[in-house]
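A.B. asks: here is a sequence with its predicted model. Questions after.
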Amino acid sequence: MQAPQFSRVDLAGNKVDLSALRGNVVLIDFWASWCAPCIIEIPRLINLQKRYRSEGLRIIGVSMDDSAAPVKSLERRFAFNYPLILGDAKFGTLYGGILGLPVRILVSRDGKILHIWNGEVPADAIETAAKTALVRN
């Protein structure tokens, strides 16, 4: 299944366009500032982006918070190395509805959804799938 396309502006004011990332493996992370498992995962995702960016991994954080204020606070705390955009229920319906958090979606270099993880997953599961996608594509 092809990943639904989107274009949004991140917290830094830069355009984040999924179609412009074609050719990269993209991990879309739906999260929120009030979600404890989401917060625990942030350093892991930052490390994943750092380690695999040169191989073509791009992470996009989609905050499902109602406003940017708590997201900006966490952005300062964690020094994210990937863009953060604000999502909402309508945005979530593009991906079948985001009913619980976190939700991570791995998209191949050619724009197909490879994996969807709902809730907590083992720390190495996402990295293993991302590495496989980076090599396979």
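C.D. replies: Yes, it's here.
A.B. asks: what mean pLDDT does the longest helix seen in the chain get?
C.D. replies: Longest helix of the chain, by residue count under DSSP state H: helix 36-52. Averaging pLDDT along helix 36-52 gives 97.
A.B. asks: now do the helices in this protein.
C.D. replies: Using DSSP H, helices in the chain cover 36-52, 69-78, 89-93, 123-136.
A.B. asks: okay, and the helix or strand of the chain with the least pLDDT?
C.D. replies: Least confident helix or strand, the chain: helix 89-93 with a mean of 92, by mean pLDDT, DSSP states H and E.
A.B. asks: C-alpha coordinates for that helix, CSV please?
C.D. replies: The C-alpha trace of helix 89-93 is given here as CSV (Å, rounded to 0.1, in the frame of the first residue of the first chain):
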residue,chain,number,x,y,z
ALA,A,89,-7.5,13.8,13.8
LYS,A,90,-7.9,14.6,10.1
PHE,A,91,-4.2,14.1,9.4
GLY,A,92,-4.4,10.8,11.3
THR,A,93,-7.2,9.5,9.1
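A.B. asks: stretch 118-133: which residues count as buried?
C.D. replies: Neighbour-count burial for stretch 118-133, counted by 16 or more other C-beta atoms under 10 Å, picks out 126-127, 129-131, 133. Heads up, the C-betas are built off the backbone N, CA and C, glycines and all.
A.B. asks: what about G13, neighbour count?
C.D. replies: Around G13 there are 6 other residues, counting by other C-beta atoms under 10 Å.
A.B. asks: now the longest helix of the chain: buried residues?
C.D. replies: Neighbour counts using 16+ other C-beta under 10 Å place 38-39, 41-42, 45-46, 48-49, 52 of helix 36-52 among the buried residues.
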